[in-house]
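Q: using only what follows, build the 3D model:
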Amino acid sequence: MRRPPRVPAPDLPARVTIYEVGPRDGLQNEATTVPTDVKAEFIARLVACGLAEVETTSFVRPERVPQLADAEALLARVDRAPGVRYPVLVPNARGLDRALAAGVTDIAVFASATETFARRNLNRGLDEQWAMFAPVVARAQAAGVRVRGYLSMCFGDPWETEVPITQVVEGGLRLLELGCDELAIGDTIGVGTAGHVTALLDALATRGVMAGQLAVHFHDTYGQALANTVAALRWGVTTVDASAGGLGGCPYADSATGNLATEDLVWLLDGLGVEAGVDLDALVATSVWMADRLGRPSPSRVVRALGGDPATHAGT
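A: As a prediction, this is how the structure comes out:
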């Protein structure tokens, strides 16, 4: 397959970790439920592409996100490869119980930077959410489980519009103070721009947050995800969330469209001389395969450019 011209940039990290969210964030917003066996094969294919962190599912209540109601069944089907992390989203103590019973070693909690989204997504207020997450994080760490803390609506909120940077910083600090090993800064509705990204990261740094503690999670609603990623990389962030084929969205925020496509990210990184350890050919083939099963084209520009029309790839 074609590759981008490789022109290394001196102000970027030599290597980036891609945190793949396709099986969880990508599939949770699908109109129909993907069969468990298809999900398990999707995960296996992603790992075979070289992705070493693949967020697998969520232990939310089945009636809240029916597309992920098969969490236990899915994990029982996943052949967990050595050296690969298979984190799951855990909303509360009951979700943690289920995750631990399934043998999970990596979890993520999902907090909000705004009051309105906290109430819509968690049925808790902005301050109440910390009381819910504190025992979850403490118990997970006591069990030797690594904890990621997502902070959503960091660059804008569909109900509250602009979100003050100071408010986002306070939310991020609370997650780290609870004991989260990693803080993922989320642009849930994709309204952020590169200058905003840099300003937020600078503000976190003034409060003692280091680049190694951070990840970025950009949605591409306004076509800014790649530009925002470059801004974060130049700042020093080395973990970037992405979703194979550009799948994804949030069931509690209609304006949250698909995530940054993993293929688009890998193409960018290849061109910049940044290593990610991902086989782009295999990844494109995987997204073409999944698009065929979903019955619609992949939103990823790179998948469309390199993979062609999914209708021509039946049985790939």
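
Q: so in the protein, where's the weakest helix or strand by average pLDDT?
A: Lowest on mean pLDDT, DSSP states H and E among the helices and strands of the chain sits helix 115-122, with a mean of 89.

Q: quick one: that one to chain centroid distance?
A: Here the centre of helix 115-122 is set off from its chain's centre by 19 Å, with CA atoms, centre = their mean, to the nearest Å.

Q: convert the C-alpha atoms of that helix to PDB, please.
A: This file holds the C-alpha atoms of helix 115-122, laid out as PDB (Å, rounded to 0.1, in the frame of the first residue of the first chain):
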ATOM      1  CA  GLU A 115     -22.200  19.600  35.800                       C
ATOM      2  CA  THR A 116     -24.800  18.900  33.100                       C
ATOM      3  CA  PHE A 117     -22.900  16.000  31.500                       C
ATOM      4  CA  ALA A 118     -22.100  14.500  34.900                       C
ATOM      5  CA  ARG A 119     -25.800  14.400  35.600                       C
ATOM      6  CA  ARG A 120     -26.800  13.100  32.200                       C
ATOM      7  CA  ASN A 121     -24.000  10.500  32.000                       C
ATOM      8  CA  LEU A 122     -23.500   9.500  35.600                       C
END
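
Q: so which bits of that helix are buried?
A: By neighbour count with 16 or more other CB atoms under 10 Å, helix 115-122 contains the buried residues 115-119, 121-122. Heads up, the C-betas are built off the backbone N, CA and C, glycines and all.

Q: phi and psi next, for residue 57.
A: The phi and psi values for residue 57, taken as degrees, to the nearest 10, are phi -170, psi -170.

Q: so what does whichever strand or helix holds residue 285 touch, helix or strand wise?
A: Assigned by DSSP states H and E, residue 285 belongs to helix 280-294. Packing contacts for helix 280-294, counted by 3 or more CB pairs under 8 Å, 6 or more residues apart in numbering; DSSP states H and E, involve helix 36-48, helix 262-272, helix 301-307.

Q: contacts for it next, please.
A: With contact meaning CB atoms under 8 Å, 6 or more residues apart in numbering, helix 280-294 is reached by 1, 3, 22, 30, 34, 38, 42, 45-46, 48-51, 244-245, 247, 261-263, 266-267, 270, 297-298, 300, 302-303, 306-308, 310-311, 313-314, 316.

Q: any of the residues you listed buried? List them.
A: The neighbour-count criterion (16+ other CB under 10 Å) marks 22, 30, 34, 42, 45-46, 49-51, 244-245, 247, 261-263, 266-267, 270, 297-298, 300, 302-303, 306-307, 310 among the contacts of helix 280-294 as buried.

Q: let's see the pLDDT reported for residue 28.
A: At residue 28, the predicted lDDT confidence score is 89.

Q: that one contacts residue 58, doesn't it?
A: Yes. Between residue 28 and residue 58 there is a contact at 6.7 Å, judged by CB atoms under 8 Å.

Q: so for the two, which sits in the more crowded spot?
A: More crowded of residue 28 and residue 58, by other CB atoms under 10 Å: residue 58, with 26 against 22.

Q: the more buried one and residue 87 touch, don't they?
A: No. Between residue 58 and residue 87 there is no contact under CB under 8 Å: 10.1 Å.

Q: neighbouring contacts of the one helix or strand residue 167 maps to?
A: Secondary structure assignment for residue 167, by DSSP H and E: helix 165-178. Contact with helix 165-178 is made by 109, 111-114, 126, 130, 133-134, 137-138, 149, 151, 154, 183, 185, 199-200, 203-204, 207, 209, 213, as judged by CB under 8 Å, 6+ apart.

Q: returning to what we had before: with respect to residue 194, which of the helices and strands packed on helix 280-294 lies nearest?
A: Closest of those to residue 194 is helix 262-272, at 13.5 Å (criterion: CB to CB).

Q: what about that closest one, average pLDDT?
A: 98.

Q: return it as PDB; C-alpha atoms alone will do.
A: Output of helix 262-272 as PDB, limited to C-alpha atoms (Å, rounded to 0.1, in the frame of the first residue of the first chain):
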ATOM      1  CA  THR A 262      -6.500   5.000  14.200                       C
ATOM      2  CA  GLU A 263      -5.500   4.700  10.500                       C
ATOM      3  CA  ASP A 264      -5.500   8.500  10.000                       C
ATOM      4  CA  LEU A 265      -3.300   8.800  13.200                       C
ATOM      5  CA  VAL A 266      -0.900   6.100  12.000                       C
ATOM      6  CA  TRP A 267      -0.600   7.800   8.600                       C
ATOM      7  CA  LEU A 268       0.200  11.100  10.300                       C
ATOM      8  CA  LEU A 269       2.700   9.500  12.700                       C
ATOM      9  CA  ASP A 270       4.500   7.600   9.800                       C
ATOM     10  CA  GLY A 271       4.900  10.800   7.900                       C
ATOM     11  CA  LEU A 272       6.300  12.600  10.900                       C
END
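
Q: residues making contact with that helix?
A: 3-9, 12, 16, 18, 20, 22, 51, 225-226, 229-230, 240, 242-246, 275-276, 278, 280, 283-284, 287, 300-303, 306.
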